[in-house]
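>>> build the 3D model from these lines:
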Amino acid sequence: MKRTVDETAIATWANAVTVARILVSPLLFAIIPADTNGSWVALAMWVVLCVSDGFDGYLARRHGTTNSGAFLDPLADKVLVLGAMFTLVSRGVFGLLPVLIIAVREVIVSVYRVVAGSRGVSVPASRTAKVKTFSQQMAVGFALVPVTVDDATWTWTVFLWIAVGLTVLSGLQYAARAFGIGKKN
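Residues are numbered from 1 along each chain as shown. Have a look, this model is predicted:
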C-alpha cells in the first residue's frame, strides 16, 4: 500500500537513508587502501552504500517522492561515486582522464537539473544514465576487490571505460532534451 507524503517534506525515511549514504561516504574514502591492493572491508562498505541507493528508492516509491529526495538522491550518488573514483585516482588505481570526463558530465547535468527544477521542470534519470551509474559502481567495486585490483585489472578498466562511454552518451541525451533536439512538434 503506497502512502502519500507531502512533496515538500524533508524528514522522510528515504531521505534519512540518502543522508546516511552521504555522511558515511567519507569513511569509505578513508579506508580505501593507499597500497592499491584492494580491501574486502572497503568493498563490503561500497556494496552496502550502493545497495542502500536501491533501498532509499524503494522507500520513496512506497511512501511517496519528495522534492528534497529528488535533489538529495542524485547528490548522494555523485558524492559516493565521484569521491570513490577520485580516491582511487589519488591511490594510483584509476587514471585521471576517465574520472575527469565523468566528473565534468556529472557537474553539467547537475547544473542542468537545478536550472530546469527552478523552472518547474523535472529531469528524471534516463535509462542510459541508470546503466551508467551501475557501470561506475562496478568499476569502483572491481577496483576494490583484492583479487582483481592487481591480477585482473581488465575488470575494472573495462567497466570504467564503459562508464565513460555511457557518461558521454547520456550527457548528449540530456543536452538533446535540454535544447529540444529530436522533439516532435
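
>>> residues contacting Thr18?
Taking Cβ atoms under 8 Å, 6 or more residues apart in numbering, we find Thr18 in contact with 56, 69, 72-73, 76. The C-beta positions use only the backbone N, C-alpha and C, and glycine is treated the same way.

>>> Leu172: which of these is nearest?
Closest approach between the contacts of Thr18 and Leu172, by Cβ to Cβ: Asp73, at 22.8 Å.

>>> go through the helix or strand containing Ala14 and flag the buried ones.
Assigned by DSSP states H and E, Ala14 belongs to helix 13-31. Residues of helix 13-31 classed as buried: 14-15, 17-19, 21-22, 25, 28-29 (neighbour count, 16 or more other Cβ atoms under 10 Å).

>>> rewinding a little: farthest pair in the contacts of Thr18?
Gly69 and Ala76 (10.0 Å).

>>> so where is this structure shaky, pLDDT-wise?
For the chain, applying pLDDT under 70 flags the ranges 1-11, 36, 63, 65-70, 182-185.

>>> follow-up on the earlier one: for Gly69 and Ala76, list the residues in contact with both.
Contacts common to Gly69 and Ala76, judged by Cβ under 8 Å, 6+ apart, are 18, 56.
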